[in-house]
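Asks: Everything below, folded, please.
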Amino acid sequence: MSSQTDRIFAEFDGCGSLPGMMERLLAAQKKAWPDLQKNCLSLEKRLVRELSSGNSILRVEFNPGRITSTSATTDARTVSSRPCFLCRENLPPAQKGILYRGEYLVLCNPFPIFESHFTVANLGHTPQNIQGSIEAFLSLLTDLGPQFTIFYNGPECGASAPDHLHFQTCPSGVIPVESVRCLPADRASSFAGCGIYAVEDEGRAMVLVESPDTAAIKAALLKIIDSLKKRAAGKTEPLLNMIAWKAGGAYRAVLFPRRKFRPDCYYAAGEERVLVSPAAVEMGGLIITPLERDFGSMDFARASAILREVSAGRDFIMEVLAGLQLT
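Replies: Down below sits the predicted model:
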């Protein structure tokens, strides 16, 4: 078994280019880790279609390599009975990462959705919780610059390792929500220099927080998440996903409050079953289907209906924001 120091490919402490380090890590890992190379090459065979209705666009992708993640059982009993695949001692022998600011390890995702898909795992085995890790999330967003988008899956909203704090990153511009337009009518509030928008788009509702200052975004997000938590019936974290990126001179963070983990069709029998398990990427408008039959049958109406079913509505979001009195 490799020692802990053998896991370190490079270290990032704020100097240099983190995206550049990540590109070099990916290139080196493809050479040293045959399984990663194979799974990255399989992306060349993935199928992608656009689903449109008027000016609204979603994308559906057939990616059989994601079958393990999509069908993962993540209840507490199952999770506690298996070794954590994000803890350093359980990583594949060939896997290495970038030590990020002494607290996280940036790893190549072995089952990629994107050509450059990374998981950023905390060095400690601590549960997913965005409130306690928002500082690191936004620090990473700043260090990634405009090249990468970062996303977070809540412990009951698509995280395949809910017991181990982690984020994920992908190249900017590949998740459809990054091109979302906010109309003046969508502006719900402002706080500490942030514009806060309540947007309902292509079947799901979201809160978009925008500012050139990540400290302001942090303050606004913490208030919003705390309000959601108070409505979450004793859960340690409300059902949510989050995606953030840099757009021009401003940062954007989109929060997707959820009403449920998976749509009813996920549990249906026979031909009625559709194996789609929405996490941040799907909520962002890129529907991953590990089964080709689901890819072929997916249309805009079905995709938007799935997102609408698992999403909290805009009315709920407006109630949350109104109760905060952010302005």
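Asks: Skipping adjacent residues, who's closest to the residue nearest the centre of the chain in space?
Replies: By Cα atoms, centre = their mean, the chain has its centre lying nearest to residue 151, at 3.3 Å. Counting by Cβ to Cβ, 6 or more residues apart in numbering, residue 280 is the residue found nearest to residue 151 once chain neighbours are left out, at 4.0 Å. Just so you know, the C-beta spots here come from the backbone N, C-alpha and C atoms, and that holds for glycine as well.
Asks: List the residues that contact the one you found.
Replies: Applying Cβ atoms under 8 Å, 6 or more residues apart in numbering, we find residue 280 in contact with 151-153, 158, 168, 241-243, 256.
Asks: Now distance to residue 121 and secondary structure too, for those, in a markdown table please.
Replies: Below are the contacts of residue 280 laid out as a markdown table (distance: Cβ to Cβ, whole Å; DSSP: H, G, I helix; E, B strand; the rest coil):
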| residue | distance to residue 121 | secondary structure |
| --- | --- | --- |
| 151 | 14 | strand |
| 152 | 12 | strand |
| 153 | 13 | strand |
| 158 | 16 | coil |
| 168 | 10 | strand |
| 241 | 18 | strand |
| 242 | 17 | strand |
| 243 | 18 | strand |
| 256 | 22 | strand |
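Asks: Can you tell me which one of the residues you listed sits lowest on pLDDT?
Replies: Minimum pLDDT for the contacts of residue 280 is recorded at residue 158 (90).
Asks: The residue nearest to the centre of the chain contacts residue 284, correct?
Replies: Yes. Contact criterion Cβ atoms under 8 Å: residue 151 and residue 284 qualify, at 7.4 Å.
Asks: okay, and the common contacts of those two?
Replies: 175, 243.
Asks: Now stretch 287-302: buried residues?
Replies: 287-291, 294-295, 298, 300, 302 (16 or more other Cβ atoms under 10 Å).
Asks: End to end on it, go ahead and measure it.
Replies: End-to-end span of stretch 287-302 (Cα to Cα, to the nearest Å): 11 Å.
Asks: Can you give the contact residues for it?
Replies: Here stretch 287-302 has contacts from 47, 49, 51-53, 56, 58-67, 70-71, 113, 274-276, 281-282, 303, 306, using Cβ under 8 Å, 6+ apart.
Asks: Same question for stretch 101-112.
Replies: So stretch 101-112 is contacted by 7, 12-14, 18, 21-22, 25-26, 29, 33, 35-36, 39-40, 43, 65-66, 68-69, 86, 88, 91-92, 95, 97-100, 117-123, 136, 139-140, 168 (Cβ under 8 Å, 6+ apart).
Asks: What's the PyMOL line that selects buried ones from the residues you listed?
Replies: The buried residues among the contacts of stretch 101-112 can be selected in PyMOL (16+ other Cβ under 10 Å) with this line:
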select buried, resi 7+12+18+21+22+25+26+29+33+36+39+40+65+66+69+86+88+91+95+97+98+99+100+117+118+119+120+121+122+123+136+139+140+168
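Asks: sorry, back to before: can you pick out the most distant pair from the contacts of residue 280?
Replies: Greatest spatial distance among those (Cβ to Cβ): 168 and 256, at 14.6 Å.
Asks: coming back round to it: just the contacts of stretch 101-112: which are in strands?
Replies: Those of the contacts of stretch 101-112 mapping onto strands are 12, 97-100, 118-122, 168, per DSSP state E.
Asks: tell me the helices in the chain, going along the chain?
Replies: 18-32, 34-42, 67-70, 76-80, 130-144, 214-230, 264-267, 280-283, 292-297, 300-310, 314-324 (DSSP state H).
Asks: Please spell out which residues along the fourth one are buried.
Replies: Spelled out, that is helix 76-80. So, applying 16+ other Cβ under 10 Å, buried residues of helix 76-80: residue 79.
Asks: Residue ranges in the stretch 1-150 of the chain under the pLDDT threshold?
Replies: 1-5 (pLDDT under 70).
Asks: Mind putting the contacts of residue 280 into TSV with distance to residue 263?
Replies: Listed next are those as TSV, based on distance: Cβ to Cβ, whole Å:
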residue	distance to residue 263
151	20
152	21
153	16
158	12
168	22
241	15
242	20
243	20
256	14
